[in-house]
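S.K.: Provided below are the primary sequence and the corresponding predicted coordinates.
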Amino acid sequence: MKKITLLASLLSSVFLLSACSTPSSTQTDNQRPTWIDHAQTEYPESQYLTAVGQASNRTRAGKNAVANLLEIFSVNVRAETRTLTEAVKQESALGVTMESSSTLQRDIQTETEQAIQGVEIKQTWLSPSGEYYALAVLHRLSASQNLTESIVALDEKTAELIDYSINQAPNAIASINALRSARDVQITRKMANFQLQYISGSGVPVDISSDKIEQLIKQKLAALAIAAKADTESQAKAIQSGLSSLGVQVTDNANIEVTGYADVTNPALIESWYWLRGSYELSLSENGQVISRKRWPIKVSAKQKDLLKLRLQDKLSTRMDEYLQQLISDSPSL
């Protein structure tokens with residue numbers, strides 16, 4: 001549903017821009033225009049991207065043409081985005097979390113919108129059967145210029161985030177979070193560059209890649225020492241294990257501390273099953289000051305009441321790596 005909403009929003013904004021141009025008047029002769037099947041005859045493929053749309057009215061035909069052009073433009077980019085974000089999830093200490101994944105998708109949609117702002121409805125035709133056809137045209141040079149400007153802006157934003165991480169961040173976690181944001185910006189930049197290569201055949205060389213930033217993140221994490229506390233020993237061990245998997249030094253006493261707390265209701269018997277519901281909270285503090293706090297809903301069930309605590313611990317152990325990633329790399333929340 002989110003993907004459909006984003007696409008609809010993108011199409012609306014792009015079509016409004018294209019509608020500002022003045023297309024040629026609608027042809028109404030019976031002869032099918034050449035541009036419907038061979039647009040490259042009039043608009044050479046080396047200079048233009050084209051797509052045709054059809055519908056029962058002229059406006060809808062134009063929207064469909066823009067949608068088809070957008071699909072041609074972005075289908076490979078979407079596949080590349082999925083491949084890249086999945087690779088980051090698997091290889092990164094602070095992988096692409098749900099929050100940053102949503103931001104990435106939104107930013108890449110924005111770059112696509114920026115790239116195709118020059119799309120125009122150049123031709124329309126009303127067939128004898130009453131069906132409208134429309135031709136959407138995008139000049140490759142215009143799209144290339146828009147993408148190049150976006151890439152330069154993304155590189156500038158990356159440099160600002162790295163500078164903040166090194167010279168301005170108030171604490172170690174804010175420094176790491178800025179690097180994670182810089183890495184995600186570079187992923188968006190990589191997608192914009194991929195689009196540029198598709199449009200023009202060449203891209204813009206990168207100064208600092210997302211891979212290099214990932215190495216900076218790992219170095220920052222390795223330099224951290226964090227203590228783990230929880231209301232049970234098993235939860236504390238789960239936190240310690242999760243921190244170790246991030247590459248963090250786990251110690252008994254440190255300036256930075258992660259504290260876990262399970263807030264659950266009394267067990268409820270429903271249709272022969274015992275249920276335990278509530279939430280799990282992790283807080284992150286440095287020098288006694290809480291930097292971030294996050295909470296997740298939890299729910300476990302068992303046929304035997306005394307198994308609930310074991311099921312709860314198993315669930316927390318399974319999800320702890322993900323919880324810690326979100327605690328450290330998502331936007332801080334208190």
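M.R.: Here it is on my side, so go on.

S.K.: Going by secondary structure, the residue most central in space within the chain is in what exactly?
M.R.: Nearest to the geometric centre of the chain sits residue 104, at 2.3 Å (Cα atoms, centre = their mean). If you go by DSSP states H and E, residue 104 is part of helix 98-115.

S.K.: Please write out the alpha-carbon positions of that helix in PDB.
M.R.: The C-alpha trace of helix 98-115 is given here as PDB (Å, rounded to 0.1, in the frame of the first residue of the first chain):
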ATOM      1  CA  MET A  98      13.000  -0.200   9.200                       C
ATOM      2  CA  GLU A  99      13.200   3.500   9.800                       C
ATOM      3  CA  SER A 100      16.200   4.100   7.500                       C
ATOM      4  CA  SER A 101      14.800   1.800   4.900                       C
ATOM      5  CA  SER A 102      11.600   4.000   4.700                       C
ATOM      6  CA  THR A 103      13.800   7.100   4.500                       C
ATOM      7  CA  LEU A 104      15.900   5.500   1.700                       C
ATOM      8  CA  GLN A 105      12.800   4.600  -0.400                       C
ATOM      9  CA  ARG A 106      11.400   8.100   0.100                       C
ATOM     10  CA  ASP A 107      14.700   9.800  -0.900                       C
ATOM     11  CA  ILE A 108      15.100   7.600  -4.000                       C
ATOM     12  CA  GLN A 109      11.600   8.400  -5.000                       C
ATOM     13  CA  THR A 110      12.500  12.100  -4.600                       C
ATOM     14  CA  GLU A 111      15.500  11.700  -6.800                       C
ATOM     15  CA  THR A 112      13.400  10.000  -9.500                       C
ATOM     16  CA  GLU A 113      10.900  12.800  -9.300                       C
ATOM     17  CA  GLN A 114      13.700  15.300  -9.700                       C
ATOM     18  CA  ALA A 115      15.100  13.500 -12.600                       C
END
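
S.K.: Past it, which element shows up next along the chain?
M.R.: strand 120-126.

S.K.: which strands and helices sit next to that next one?
M.R.: helix 2-19, helix 58-91, strand 132-139 (3 or more Cβ pairs under 8 Å, 6 or more residues apart in numbering; DSSP states H and E). No exception for glycine: its C-beta is placed from N, CA and C like everyone else's.

S.K.: Could you tell me the least trusted of the ones you listed?
M.R.: Sorting those by mean pLDDT places helix 2-19 lowest, at a mean of 46.

S.K.: quick one: contacts for residue 159?
M.R.: Listed by Cβ atoms under 8 Å, 6 or more residues apart in numbering, the contact set of residue 159 reads residue 207.

S.K.: and the next element down the chain from the helix or strand containing it?
M.R.: Taking DSSP H and E as the criterion, residue 159 maps to helix 140-163. The C-terminal neighbour of helix 140-163 among helices and strands, as given by DSSP H and E, is helix 172-200.

S.K.: Are there helices or strands packed against whichever helix or strand comes after that following helix, and which ones?
M.R.: For helix 172-200, the following helix or strand on the C-terminal side (DSSP H and E) is helix 210-222. Helices and strands touching helix 210-222, by 3+ Cβ pairs under 8 Å, 6+ apart, are helix 58-91, helix 140-163, helix 172-200.

S.K.: low-scoring stretches of the stretch 51-200 of the chain, by residue?
M.R.: For the stretch 51-200 of the chain, the stretches with pLDDT under 70 are 75-77, 85, 89-91, 93, 95-101.

S.K.: re earlier: and the helix holding residue 159 with helix 98-115, angle?
M.R.: Relative orientation of helix 140-163 and helix 98-115, computed by axes from the mean of the first three to the mean of the last three Cα atoms, to 10 degrees: 150 degrees.

S.K.: partner residues bridging residue 137?
M.R.: In this structure, residue 137 has the following beta-bridge partners (DSSP bridges): residue 50, residue 120.

S.K.: Relative to residue 43, how far out is it?
M.R.: Residue 137 sits 6 Å away from residue 43, going by Cβ to Cβ, to the nearest Å.
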